[in-house]
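Chemist: My questions concern the predicted model and sequence given below.
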Amino acid sequence: MSFSVPELEDAEVIFDIGYNAPVSHPLVARRIVRAKKKGCKIICVDPRLTETGRIATIYLPIKGGTNMLFLNAMAYVMVTEDLVDHDFIEKHTTGFADYAKEVAQDKYAPEAVAAATHLDADDIRRAARLFASSKHTMSIWGMGITQFSQGVECVIACSNLSLMTGNYGHYATGVGPVRGQNNVQGTCDMGVLPNKYPGYQDVTDDEVRHKFEKAWGVSLPSHVGLPLTYVPDKVLREPDPQKQIHAYYIIGEDPAQSDPDLPEIRRTLSAIDLVIVQDIFFNKTCEYADVVFPATAWGEHNAVYSACDRRFQRVRKLIEPQPGCKTDWKILCLMATAMGYPMHYDNTEQIWDEMRSLCPKFAGASYEKMVENHGVQWPCTEDSPDDTGTQYLHEGAHFATADGKGHFYYYPWTPAKELESPEYPLSLSTVREVGHYSVRTMTGNCRLLADLADEPGYIQMNPEDCQELGIANGDLVRVVSKRGHTITRCQETDRVSKGATYMTYQWWVGACNELTSAALDPKSHTPEFKYCACRVEKIDDQKQAERDVKAQYEAIRARMGIEVKEV
């Protein structure tokens with residue numbers, strides 16, 4: 001994220017695509033509401049009518065899987081109507097002429113893409129003009145554009161819009177990927193990536209690698225590691241035993257619930273020789289584990305979290321953990337030592353200071369500075385009181401590239417990898433709703449939240465589709481894709497378009513990832529959670545279906561050790 005979250009309040013235009021802050025990040029949503037009260041205009045692009053869409057100046061109910069068509073149409077309007085900032089482009093960017101030539105093709109005219117995107121051409125033109133009307137236009141996006149097989153390229157297309165309108169390098173402007181889970185930014189900061197060391201330093205850089213080798217007293221490989229989403233291939237389809245994955249150490253993750261194509265994930269976990277799970281509650285993946293390490297929750301240990309706007313924040317221990325539970329870092333130290341690499345720290349600050357000593361971007365972000373400034377945003381390079389971090393990136397339009405300029409890149413639209421068919425006539429997208437969090441490992445253990453929303457979850461459907469299938473609101477239905485099937489409850493709503501369905505991914509019985517596709521973005525290796533083909537089947541015997549759901553839910557809770565106490 002190039003800006004700080006508080007800056008949203010002073011935006012003149014907010015371009016919100018594939019992101020619904022009131023559900024995903026309520027505190028960010030408060031900033032957006034405050035901005036609107038100050039006169040900010042909001043463009044909301046989302047296939048469902050979300051809470052953000054309801055307050056938007058322009059709401060664009062885009063057809064799923066057509067994000068790049070729409071973004072190139074926005075660029076078409078800006079280029080052909082000369083809504084671009086020529087001075088900014090000339091001084092601070094490269095590649096615009098070639099990019100402009102590509103997006104100015106007639107195939108990207110709003111009138112040409114209207115049918116495919118399900119949008120009104122005039123609305124696309126109004127959105128492009130509004131975006132370009134201000135130097136305080138702020139773009140925010142979420143999983144609604146990144147969890148596609150063309151996700152990275154759509155993010156670049158969003159950046160192109162900000163570059164061509166001069167919306168970079170000053171207060172209350174820029175681009176903001178608002179991360180999907182708490183501390184996703186922090187795991188990336190700490191190098192939990194196959195191609196980066198902590199501080200976003202390349203594993204293929206010899207100088208960087210030698211620095212870490214010297215600090216840790218080890219020899220490190222020079223090649224990029226394996227993306228998480230390639231694990232099934234390396235277990236189920238790798239012919240060479242030496243290249244197969246034989247051990248899988250899973251920390252704070254539940255792939256048996258959160259990964260796409262769950263039937264394949266279950267085969268994968270069953271085939272691995274050793275599965276270790278480290279978590280705060282028993283989850284679905286634990287059923288395949290050979291070893292389970294009980295870890296501590298956020299209130300039971302000291303830590304540092306990174307917010308989506310690059311802000312390091314201290315987290316302090318509040319209570320003692322239950323007997324037998326250790327912090328993640330202590331478990332890792334014990335594991336390393338047992339494997340022959342002695343590892344010991346007295347506290348988390350020692351770990352943090354070691355990381356700062358190896359990461360130039362984070363060098364000045366001490367514990368003391370975080371306390372004094374209520375957090376520190378990286379880059380913070382100087383270990384002095386004067387450097388309190390970086391509120392927004394690319395100040396003065398100087399970019400973190402070799403030539404210091406922003407680069408334009410053009411990409412054509414590529415459709416989703418699995419489209420509707422006569423056998424599977426509906427599209428399915430995973431979404432978020434208020435009630436439960438992530439894979440429900442934590443919130444599923446809370447009786448109050450279970451009373452708010454419980455199994456088997458629901459599938460959001462347009463009333464016309466419900467009528468055609470003879471399904472009533474609240475009925476249990478069977479949802480089927482090429483990969484599997486699940487049972488859930490119909491939620492009839494005019495928030496969604498005809499032909500499109502939506503499911504949240506936290507339900508244990510109504511697990512939508514039984515259905516989702518493992519097609520990947522070739523650049524980020526992110527699964528295409530936001531689009532696959534499915535069909536919805538009516539269940540005639542509703543009473544028996546209700547009994548089946550109850551029995552399945554009770555069996556899952558029993559396996560997870562969840563006690564159900566009658567009030």
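Modeler: Ah, there it is. Residues are numbered from 1 along each chain as shown.
Chemist: Could you use CA atoms for every contact and neighbour count after this?
Modeler: Fine.
Chemist: What ranges does the stretch 301-450 of the chain have for its strands?
Modeler: For the stretch 301-450 of the chain, applying DSSP state E, counting those that start in this stretch gives strands covering 303-306, 311-315, 376-377, 406-407, 426-431.
Chemist: Could you dump the ones you listed into a markdown table with mean neighbour count added?
Modeler: Shown next, in a markdown table, are the strands of the stretch 301-450 of the chain (neighbours: other Cα atoms under 10 Å):
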| stretch | mean neighbour count |
| --- | --- |
| strand 303-306 | 20 |
| strand 311-315 | 21 |
| strand 376-377 | 25 |
| strand 406-407 | 22 |
| strand 426-431 | 24 |
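Chemist: Just send these back as CSV, with distance to P198 and mean pLDDT too.
Modeler: Output for those, formatted as CSV (distance: least, Cα to Cα, whole Å; pLDDT from 0 to 100):
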stretch, distance to P198, mean pLDDT
strand 303-306, 13, 93
strand 311-315, 14, 94
strand 376-377, 16, 97
strand 406-407, 24, 97
strand 426-431, 30, 96
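Chemist: For K41, which of the ones you listed is the nearest?
Modeler: strand 426-431 (24.9 Å; Cα to Cα).
Chemist: Which strands border the closest one, and is each parallel or antiparallel?
Modeler: strand 500-504 (parallel), strand 532-538 (antiparallel) (DSSP bridges).
Chemist: Including mean neighbour count, mean pLDDT and distance to Y409, could those go into CSV?
Modeler: Shown next, in CSV, are those (neighbours: other Cα atoms under 10 Å; pLDDT from 0 to 100; distance: least, Cα to Cα, whole Å):
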stretch, mean neighbour count, mean pLDDT, distance to Y409
strand 500-504, 23, 95, 31
strand 532-538, 22, 97, 27
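Chemist: Which among these is found nearest to N160?
Modeler: Going by Cα to Cα, the one of these nearest N160 is strand 532-538, 27.7 Å.
Chemist: before we move on, the earlier item: quick one, which of the strands paired with strand 426-431 is nearest to T388?
Modeler: Using Cα to Cα, the strands paired with strand 426-431 put strand 500-504 closest to T388, at 39.3 Å.
Chemist: Please tell me how far the closest one is from the chain's geometric centre.
Modeler: The gap between where strand 500-504 is centred and where its chain is centred comes out at 17 Å by Cα atoms, centre = their mean, to the nearest Å.
Chemist: So for the longest helix seen in the chain, mean pLDDT?
Modeler: Longest helix in the chain by number of residues (criterion: DSSP state H): helix 542-560. The predicted model assigns helix 542-560 a mean pLDDT of 91.
Chemist: could you dump that helix to PDB, C-alpha only?
Modeler: What follows is helix 542-560, C-alpha atoms only, in PDB (Å, rounded to 0.1, in the frame of the first residue of the first chain):
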ATOM      1  CA  GLN A 542     -35.700 -31.200   3.300                       C
ATOM      2  CA  LYS A 543     -36.200 -32.900   6.700                       C
ATOM      3  CA  GLN A 544     -33.700 -35.600   5.900                       C
ATOM      4  CA  ALA A 545     -31.300 -33.100   4.600                       C
ATOM      5  CA  GLU A 546     -31.500 -31.100   7.900                       C
ATOM      6  CA  ARG A 547     -30.900 -34.300   9.800                       C
ATOM      7  CA  ASP A 548     -27.800 -35.100   7.600                       C
ATOM      8  CA  VAL A 549     -26.400 -31.600   8.100                       C
ATOM      9  CA  LYS A 550     -26.800 -31.800  11.900                       C
ATOM     10  CA  ALA A 551     -25.200 -35.200  12.100                       C
ATOM     11  CA  GLN A 552     -22.300 -34.100   9.900                       C
ATOM     12  CA  TYR A 553     -21.800 -31.000  12.000                       C
ATOM     13  CA  GLU A 554     -21.800 -32.900  15.300                       C
ATOM     14  CA  ALA A 555     -19.300 -35.400  13.900                       C
ATOM     15  CA  ILE A 556     -16.900 -32.600  12.800                       C
ATOM     16  CA  ARG A 557     -17.100 -30.900  16.200                       C
ATOM     17  CA  ALA A 558     -16.500 -34.200  18.000                       C
ATOM     18  CA  ARG A 559     -13.400 -34.800  15.900                       C
ATOM     19  CA  MET A 560     -12.200 -31.200  16.700                       C
END
